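Undergrad: next come a sequence and a model predicted from it.
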Amino acid sequence: MGAGFIGSMHSDIYARLPNADLTAVLIRDVKKAEAVRDRTGSKVFCDIDSFFDFGGFDILDICLPTYLHEQAILRSLSEGKHVLCEKPLTLGVASADRIRSALAQTDRKLMVAHVLRFWPQYRKIQQLVQTGTIGAV
């Protein structure tokens with residue numbers, strides 16, 4: 001969902017992954033939609049209802065402006081989809097609580113895209129902290 005800077009980066013990566021199929025992209029801007037379709041070969045939708053009616057996907061990657069995250073997550077979970085959401089998850093605690101509550105009603109997974117924690121440098125820092133090598137933090 002979304003094809004701004006991050007959404008375009010994500011869709012280009014998915015299109016190149018051998019074990020993933022980028023099946024659909026949701027984007028409001030028709031001109032951008034055509035460019036994404038041409039670049040990735042995926043179906044492109046400019047309407048959220050048509051996007052979910054297509055439903056040819058298991059996981060949604062939400063790359064929308066933050067103020068739209070909650071609505072998109074709740075709809076995705078209600079449609080039975082797993083969700084990867086760009087950071088920040090939401091703009092406030094009440095919104096995060098509503099998301100948590102909706103997630104608890106499903107067997108779906110939600111992950112916030114804080115990818116830095118998986119980079120080798122950050123894993124090394126975690127190891128140094130956990131072993132006490134660098135003292136109290």
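TA: On my side now, so go ahead. Residues are numbered from 1 along each chain as shown.

Undergrad: now do the nearest residue to residue 7 once chain neighbours are set aside against residue 82, distance only.
TA: In this structure, residue 7 finds its nearest non-sequential neighbour in residue 63, 3.4 Å apart by C-beta to C-beta, 6 or more residues apart in numbering. (C-beta placed from N, C-alpha, C; glycine too.) Separation of residue 63 from residue 82 (C-beta to C-beta, to the nearest Å) stands at 15 Å.

Undergrad: tell me where the chain has helices.
TA: Taking DSSP state H as the criterion, the chain contains helices spanning 5-16, 30-40, 48-54, 69-78, 93-104, 120-131.

Undergrad: buried set for the fourth one?
TA: Within helix 69-78, the residues that count as buried by 16 or more other C-beta atoms under 10 Å are 69-70, 72-77.

Undergrad: try stretch 38-47
TA: By neighbour count with 16+ other C-beta under 10 Å, stretch 38-47 contains the buried residues 40, 42-45.

Undergrad: show me what the lowest-mean-pLDDT helix or strand in the chain is packed against.
TA: Ranked by mean pLDDT, DSSP states H and E, the weakest helix or strand in the chain is helix 30-40, scoring a mean of 83. Contacts defined by 3 or more C-beta pairs under 8 Å, 6 or more residues apart in numbering; DSSP states H and E place helix 30-40 against helix 5-16, strand 24-26, strand 43-45.
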